[in-house]
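Undergrad: Could you work out the structure for the sequence below:
(one chain, ligands or ions: 1)
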Amino acid sequence: RKPYRMLEAAGMRGPKKLPLIANAGLLIGESAATMMDVEFKLIEQFGRNVRFGIFHEFGFLTADARMIEAILSSQQTISKNSLYTLLQGWLGNGLLLSTGKKWFRRRKIITPTFHFKILEQFVEVFDQQSAVMVEQLYAQADGATVINMFPVACLTALDIIAETSMGVKINAQRSPEFPYVQSVKIVSNMMAERFMNPLQRFDCTMRVFYPKLFATLNHHIKSMHDFTDKVIRERRETLTSSLNRSSAHPDADDDVGSKRKLALLDVLLQSSIDGQPLSNEDIREEVDTFMFEGHDTTTSAIAYTLYLLARHERVQQLAFEEIKAVIGTDKSRPVDMRLLGELKYLECVIKESLRLYPPVPNIGRKITEDVVLDGKLIPANTNVTLLTYQAQRDPKYFPDPEAFKPERFSPDYEGNIDVFAYTPFSAGPRNCIGQKFAMLEVKSTLSKMLRHFELLPLGKPVQPIMNLILRSTTGINVGLKPRVY
Ligand code: HEM
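TA: Below is the predicted model:
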């Protein structure tokens with residue numbers, strides 16, 4: 001009762017709670033598909049900070065930009081809540097899940113892996129893989145076929161993240177049956193299901209209630225770990241022999257550093273903490289984290305932005321005109337970092353799409369000690385859920401919040417946007433380390449699509465659903481017609 005009293009003394013209201021189950025009864029009959037509406041209703045009824053408890057777990061939901069600012073800016077509130085532990089079997093204690101000293105040290109050495117110079121060479125991969133995507137889509141570009149862009153973008157994003165993070169081509173788009181691709185897809189989908197199903201959420205309950213599924217999950221996690229382990233071992237050997245060669249022949253070209261593209265993994269292989277190199281296992285958890293964080297999120301962003309463009313003809317036309325002016329009319333011309341940097345309007349389109357449909361619609365934190373946040377004393381062990389999806393539709397910060405208006409992010413207006421009302425990549429010390437990577441990838445893929453196709457508003461409208469990331473129960477549909485110019 002004490003923590004509830006403290007939250008109430010801090011001015012937080014919430015639904016009436018029952019003995020033992022607290023507010024768990026409110027979730028009966030609800031599903032991932034209705035969760036977003038439940039959250040909107042709670043905000044409407046109790047305000048933008050809502051006290052909420054499930055069984056013995058207590059906490060609050062927040063869609064209040066000032067509270068979000070206090071939580072995301074503080075070094076005291078960097079721990080993740082218990083929901084994230086379901087990812088641990090796959091990701092270990094990589095950057096997304098770790099906390100305290102381990103997180104701090106890892107963050108420090110991983111930050112340079114996303115250096116401008118490294119991202120620059122990845123643009124070539126983005127360009128090549130999105131070329132494969134459009135090539136394959138021509139078969140369905142008849143102006144009438146409804147195409148769900150989520151699975152299409154997902155294979156492209158997998159090809160991109162495997163090549164950039166591990167330096168291997170897995171050919172997910174051309175060979176979706178490749179075992180590693182299958183395992184990533186199966187485990188990502190199973191994680192989404194686990195997230196919503198309380199009996200699957202913890203290993204101990206899943207093992208008892210869903211033994212077959214649990215065995216399948218572990219089989220695929222092992223298969224992914226075996227694959228990443230093999231890649232890391234081979235890259236380490238190549239790196240060692242190349243370093244040996246270059247110390248024997250200092251004037252020869254270093255094929256790791258200069259000729260071949262550096263993968264994120266190569267940078268980790270050369271990093272050390274307190275003079276100690278990272279072990280293969282340390283590196284595996286980070287590479288697995290990139291593989292997970294770096295594909296479903298960008299998939300969601302690419303698919304939702306294509307959907308919005310298909311349904312907003314004027315915006316699509318403006319984006320296309322800009323692309324034509326910057327890149328020209330040769331559809332086969334590859335893009336580079338400089339050209340992508342000039343696509344300013346497209347950037348506004350992506351930012352506005354991330355506002356309406358943030359791929360990570362909720363962020364969880366666990367408060368580990370009593371702390372004052374936005375003038376409110378919050379007790380230790382409070383679970384907090386930051387409702388990014390709802391915060392980004394707050395009319396106080398975004399007038400006409402449901403409307404798709406890329407102009408909000410144009411230089412004339414962007415300065416007015418409250419940075420904590422808009423946090424698709426989170427903010428503060430634990431923000432998304434792959435933000436620049438993601439923006440370049442999404443820009444590259446969208447520009448390629450718009451150069452080749454006219455996007456048509458075909459198929460059912462989206463029904464957003466929070467399943468680990470933002471998906472849609474009805475698909476994320478568009479139609480395509482080859483663009484003539
Ligand atoms: C549009 C695409 C993306 C979006 C919207 C996105 C969003 C986010 C958000 C909201 C967080 C904070 C999560 C939390 O605190 O629970 C995060 C963290 C993270 N993201 Fe991204 N992300 C995207 C793409 C990527 C990519 C491409 C990579 C890697 C290549 C990546 C790697 C990471 C990592 C490693 C973290 C954990 C950082 C830390 O805790 O220090 N993300 N991302």
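Undergrad: near the ligand at all, whichever strand or helix holds Arg365?
TA: Assigned by DSSP states H and E, Arg365 falls within strand 362-366. Yes. Strand 362-366 reaches the ligand (C-beta under 6 Å from any ligand atom) through Ile363. C-beta coordinates here come from the backbone N, C-alpha and C atoms, glycine included.
Undergrad: For the residue in the chain that the ligand sits nearest to, give its distance to Thr298.
TA: For the chain and the ligand, the shortest gap (C-beta to the nearest ligand atom) falls at Gly434, measuring 2.3 Å. Using C-beta to C-beta, to the nearest Å, we find Gly434 at a distance of 9 Å from Thr298.
Undergrad: Repeat that for Phe116.
TA: 19 Å.
Undergrad: Please apply the same query to Asp203.
TA: For Asp203, the distance to Thr298 (C-beta to C-beta) stands at 29 Å.
Undergrad: And the two? Which one has more around it.
TA: With neighbours defined as other C-beta atoms under 10 Å, Asp203 and Thr298 compare such that Thr298 has more, 27 against 16.
Undergrad: Let's verify that one: helix, strand, or coil?
TA: Under the three-state scheme (DSSP: H, G, I helix; E, B strand; the rest coil), Thr298 adopts helix.
Undergrad: Cys348: what's it in contact with?
TA: Cys348 is in contact with Pro406, Glu407, Arg408, Phe409, Ser410, counting by C-beta atoms under 8 Å, 6 or more residues apart in numbering.
Undergrad: my guess is it is in a strand, correct?
TA: No. Cys348: not assigned to a strand; according to three-state DSSP it is helix.
Undergrad: Pull out whichever of the contacts of Cys348 are also neighbours of the ligand.
TA: Near the ligand, by the rule C-beta under 6 Å from any ligand atom, you find none of these.
Undergrad: longest helix anywhere in the protein?
TA: In the chain, assigned by DSSP state H, the helix with the most residues is helix 211-248.
Undergrad: now what about the next helix or strand after it, what contacts it?
TA: As assigned by DSSP H and E, the chain's next helix or strand after helix 211-248 is helix 264-269. Outside helix 264-269, the residues within contact range by C-beta under 8 Å, 6+ apart are 109-110, 112-114, 118, 164-167, 231-232, 235-236, 239, 256, 277-278, 283, 286-287, 290.
Undergrad: Quick one: buried ones out of the residues you listed?
TA: Buried members of the contacts of helix 264-269, scored by 16 or more other C-beta atoms under 10 Å, are 109-110, 113-114, 118, 164-167, 231-232, 235-236, 239, 256, 278, 283, 286-287, 290.
Undergrad: ok, and which of these reach the ligand?
TA: Restricting these to those near the ligand - C-beta under 6 Å from any ligand atom - leaves Phe290.
Undergrad: Narrow the buried ones among the contacts of helix 264-269 to those in strands?
TA: When DSSP state E is applied, the buried ones among the contacts of helix 264-269 are split such that none fall in strands.
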